[in-house]
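Q: I would like the atomic coordinates for the input below:
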Amino acid sequence: MAEFGQKNAANPPVAGWKSAPGNGIKLDRHREERVSNGNCSTMSESPKRNQNDSNKHASPTSTDRQGLDASEDIPRRSSLIKGGSRGARERKKTVSFSRSLSERKISGAADCIHSMVEGSELRKVRPSSRVYPRYYLLDAGLQTLCWEPSKKESDKARITLPSIREVRTGRNTEIFRTSGLYEQISEDCAFSIIYGETYESLDLVANSAEVANIWVSGLRYLLQYGKHALDMIATSRDSLRLGWLERLFSSGVRKDELRGRADDAEPVVPLPAAIALIQSVNPAVSACRAEHRFHEALRVRGRTGETPGVPEPVKESRWKGGKGSKKPAGQQVAKQEFIEVFHDLCTRPEIYFLLVQFASNKEFLDTKDLMRFLEAEQGMVDVSEDASLEVIQSHEPSEEARQQGWLSLDGFTNYLNSTACHLFDSEHSAVCQDMSQPLSHYYINASHNTYLIEDQLRGPSNLSGYVRALKMGCRCVELDVWDGPGEEPVVYTGHTQTPPLAFPSVLEVIGRFAFVASEYPLILCVENHCSLRQQRVMGTHLVQILGEWLHTDPPSEGEWYLPSPDSLKRRILLKAQKCGPGSEAADGEVSEEDEGEEIGRRIRADKNSSLRESSDGGSEREPGQKSLPGSPVSALTPPLSPLLPPPPKHHPLLKELSDLVSLCRSVRFADFQTSSRSQKPWELCSFHEALAVRLACESPGDFVNHNKRLLSRVYPNPMRVDSSNMNPQDLWKCGCQIVAMNYQTAGLMMDMNTAWFRQNGSCGYVLRPAIMRQEVSYFSANTREMVPGVAPQLLHVKVISGQNLPRPLGSGAKGDVVEPYVYVEIHGIPADCAERRTRTMTQNEGHPIFDESFEFQINLPELAMVRFVVLDDDFIGDDFIGQYTIPLECVQPGYRHVPLQSLTGEELPHARLFVHVALSNRRGGGKPQKRGLSVRKARKGRSYAALRDLGVRAVDEVFKTAAPLLREATDLRENMQTSVVVFRELCGVPAVANLMQCVRGLASCVAGPDGSPLLLFDLRDDYPALEPQGPLPDVLRKVVSAFEMMVQASRAVVELSDGIYERILHIQTTAMEYHEKLQELVVREGQRGRKVSRALESFSWNITLLKGQADLLRQAKAEVRENMKQVHCAALTSSLTKKGSAVGPGGGSLGRTRSLPQCRQPLTAPVGASTPGPTRGRGPLP
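A: As a prediction, this is how the structure comes out:
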């Protein structure tokens, strides 16, 4: 089979083909150029393979699998960068010079149409689930789509362009959805052509997403402009991009050179000036890459006199003035070469394909096009033309386009690269959460042994550790205080060789930087190992240096919760031990806290073990034991069983120092029952990492309940002498508020910690999920199922491309070649943890096109984080390129750029990923065989939330009255969501599309023979009606029926939800009356031991379920209001409203509940929002 882009000798020339002024390429030369081709095939690997074959997944050899996903999953890989190892690669390393100019990128519709004339190999999917490879091409007259070979007669193996009603992207036809190959077909490589009076579909799969985009964009242009498409393209280019580039080039031509030239001489600019002009528009273009492109262009034009061949790579130092730099002053660049190189370096095909979806088949976006893009894809609401014009004025480089209110491809690229289109929602850059809740309801950013800047044994101590932590928003720092020389306490880790710091110097630094990054309370974890004499000195320094900020007011005995962060602004809390009751007038004695003692004990034990081994002549290590290079510890990696804490030592405590401790008194943990009975909210337990992890595994529910009103601090295993970090999310999911991290150690764990606290303005406090804060609620940290009362979300992530990916810093002596791939990871509760990876991209020059989509189910969105990791598959020594970690709550939907960060957290210059992100409810995704049109037949299989029996008759009777209400609530929600899915599928839009996109998709396919629409919306009621305006084809009748079902289900939610909601809450209130005496009732029923705990757990489960289902029902009502608003606004903007019916929503029952804003007046050019097409560009599902 011929590959895409391969020249077909039998192809006749294109009739009426003109030279495209925008790229300066003549037809005879342009036809010989190859268009860069991506690869949509995925890898199929066997889990049992030798290391020599470990790189073969990047180069699939079976052409039959191109465009189809392999059935086997790619083997998982740990995200731990530090200390990671991989098998050595034995393949040869090659140095890749940049791609030749003859391998041109797609930069306009002319390139798309030219490629379609040359033809491509596509795969046709039939209803029988069979796939037929065929060669498809556009005829010379640009009027007919043909394919070969075919069993049909030649006049039947073709589709005329006038008969095409829609070009649809993705797997969004009935044939695709019912095909047994649905899961194996790439969403990004699939597209369908809907044609004929009966809306037949030709369902195709391309070899790559780029090929699919070429066909979709080219066909839509031809449907709009017919055989005049090329003239339209040339006109639009002449008026915008070409004119702007000519003016940009002219600005670099020196006047003195013009005076010395003949009148007919072509103006030129020096090569350095040409490079500077390109970098002024796109700073991400490196000077050496631009120079190399100009060398190629000049050589092709025969201007340099150099012999053909591969040029010697040009070093960056030539443009930085480095040693040995040579200025190529004699080389001049003409306008034609400048425009060619600019197109090659600054045109991103993936952004061009996105632009033409919304550009009403123009080469630019006007204000209305931009409004549609911002609302439909970027999730913005009520965007005005003035707001769109402001975006254009801020990002469009062409003055002419700014005056016209147009956004060109370069302006659109600038906008997508701006901070407004970053993945991180800028609303979270400032404090955005409720800060008035008790302190125990927040995660608190914490540091371990803050004064250390390297390892825990011998590493240096430095005041910069406190400066760094406090500037990063840390709200809990640590001080281990010991007796020092000259009656001055010092800060260092006991039993180690770390150098000490003067205690007053540490306090002065803390006082200076305590509230630089955050004004919320700072906790000082003080381990006091000093004598009474030096404790008095400690107290004096604390009062003198921090006195104005110290919070010393004693807590009220009757308080059940700690104060809020808001009430403790700019206050410093001491976390330390306090004298017990009865010591009001004298010093006391307390058990000593010494986290460093275990390090010393372990070191001494290891030394004794080593001495015994030496005396025995040396014994062999157990399998799996390793020595840490440069460490005095002989064996650090064997698994450690939780050790019983040694008997506590006691030491005296000065009363004056004890009185400085108020809200964070350190106490030893015994068990959860003891803590529940006797621990006060101002008493705080510190947990050894191993103990905390064990409790999280053995008693996850008890741990969550313990942390609802009590603070818990977890510190790293003392055997982490290399200052490595534990996984904070293992403790956050149990509700532990203070997880102390080694800030000096970069890597996955610190990335997660830093990203997590960014979601609330990096203030150091993040509100925990509601299910962890409610007094009576059930949540198990180790759940691998749905969380009761929490609606699961589907996260759709499409990794489109990467830009300016550098080679790994520790990659050794390798060339500039980078073969990147991307991991998308989900971190959260066990039910949510997942990772997927893209294929490896080769020969990409640091700008790979991935075009791969992934889907993740998120059961607890409030605790989930998304992490992008870019790695090099052709590495020497190091494979890490960059990463970015973000809480799911901070993710902006739509087309976004992800700024990559280094291993130490610094942003990599211009290195980014381009992605598309969408969130939908669970009904919107999943396997199509079990959703969509088939869900109407699957009602008997619907799952309902189940209440649990407690074994207490009176309580169980109360909960049983809620069972029919829960079923009714579930049916209301599911019926509404199912009807939306059916309507969405009939509109032929993806599962992540909203109703605004559905209606706009219909707008372009409902025209009758006379041009008037066959369907119009009546908007006089809160619930729009879709009314036929004449006889309808069968597919449109299905659309009307599906819309009526959706409106009926939505009306039921609005009319019935309030009553059901109130009755569910009443049952919950009645059940809560048994809460205080529940344990007594359970015992009275004869239950003992574990059965009592299980009954109490079941009560919490039922209360959580009732409240959660009631909240979900209220959310469903809000969803209905939003859906009706979207239909209303989309009908107006798409000119699909009956005369006299275009009134604003909010006048009826929906309006009494919530007033909705008025929609804008109709737009002149209706376009489908998700995958818009030409006037006849979209239609319903056949």
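Q: look up phi and psi at residue 908.
A: Residue 908 adopts backbone torsions of phi -80, psi 130, taken as degrees, to the nearest 10.
Q: what residues does it make contact with?
A: Contacts for residue 908 (C-beta atoms under 8 Å, 6 or more residues apart in numbering) come out as 806, 882, 899-902. For glycine as for every other residue, the C-beta is placed from the backbone atoms N, C-alpha and C.
Q: inside strands: which ones of the residues you listed?
A: 882, 899-901 (DSSP state E).
Q: need the max-distance pair from the residues you listed.
A: The most widely separated members of the ones in strands among the contacts of residue 908 are 882 and 899, with 8.9 Å between them, by C-beta to C-beta.
Q: which one of the two has more residues nearby?
A: residue 882 (25 against 18; other C-beta atoms under 10 Å).
Q: mutual contacts of residue 882 and residue 899, please.
A: Joint contacts of residue 882 and residue 899 (C-beta under 8 Å, 6+ apart) are 908, 911.
Q: and the ones in strands among the contacts of residue 908, which is closest to residue 491?
A: Within the ones in strands among the contacts of residue 908, the smallest distance to residue 491 is 31.0 Å, found for residue 901 (C-beta to C-beta).
Q: helix or strand for the nearest residue to residue 340 once chain neighbours are set aside, which one?
A: The shortest distance from residue 340 to any non-neighbouring residue, by C-beta to C-beta, 6 or more residues apart in numbering, is to residue 297 (5.6 Å). Element membership for residue 297, per DSSP states H and E: helix 287-301.
Q: and residue 437, by the same measure?
A: Going by DSSP H and E, residue 437 is not in any helix or strand.
Q: who's in contact with it?
A: Contacts for residue 437 (C-beta under 8 Å, 6+ apart) come out as 564, 767, 773.
Q: reformat those residues as TSV; add secondary structure, distance to residue 478 and pLDDT.
A: Formatted as TSV, the contacts of residue 437 follow (DSSP: H, G, I helix; E, B strand; the rest coil; distance: C-beta to C-beta, whole Å; pLDDT from 0 to 100):
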residue	secondary structure	distance to residue 478	pLDDT
564	coil	24	94
767	strand	24	96
773	coil	27	90
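Q: which residues does residue 147 bridge with?
A: Beta-bridge pairing for residue 147 (DSSP bridges): residue 136.
Q: so it makes contact with residue 158?
A: Yes. Using C-beta atoms under 8 Å, residue 147 is in contact with residue 158, at 7.5 Å.
Q: these two: which is more packed in?
A: The residue with more neighbours, out of residue 147 and residue 158, is residue 147; 19 against 16, by other C-beta under 10 Å.
Q: ok so, going back, surely the residue nearest to residue 340 meets residue 343?
A: No. At 10.7 Å, residue 297 does not count as touching residue 343 under the criterion of C-beta under 8 Å.
Q: and residue 1108, how far from residue 918?
A: 24 Å (C-beta to C-beta, to the nearest Å).
Q: between those two, point out the one with more neighbours.
A: Counted by other C-beta under 10 Å, residue 1108 and residue 918 do not tie: residue 918 has more neighbours, with 23 against 20.
Q: what's the per-residue pLDDT of that one here?
A: In this model, residue 918 is scored at 91, pLDDT.
Q: which element is it on?
A: strand 907-921.
Q: flag every buried residue along the helix or strand following that strand.
A: Using DSSP H and E, the helix or strand that follows strand 907-921 in sequence is helix 953-960. Using 16 or more other C-beta atoms under 10 Å as the test for burial, helix 953-960 gives 955-956, 958-959.
Q: which of those residues sits closest to residue 749?
A: Nearest member of the buried residues of helix 953-960 to residue 749, counting by C-beta to C-beta, is residue 959, at 41.9 Å.
Q: hmm, residue 1072 and the closest one touching each other?
A: No. Between residue 959 and residue 1072 there is no contact under C-beta under 8 Å: 11.6 Å.
Q: number of residues surrounding residue 1074?
A: 16.
Q: thought it was touching residue 954?
A: Yes. Between residue 1074 and residue 954 there is a contact at 7.1 Å, judged by C-beta under 8 Å.
Q: which residues do the two both contact?
A: Shared contacts of residue 1074 and residue 954, defined by C-beta under 8 Å, 6+ apart, are found at residue 1081.
Q: residue 267 reaches residue 250, doesn't it?
A: Yes. Residue 267 lies in contact with residue 250 (C-beta under 8 Å); the separation is 7.1 Å.
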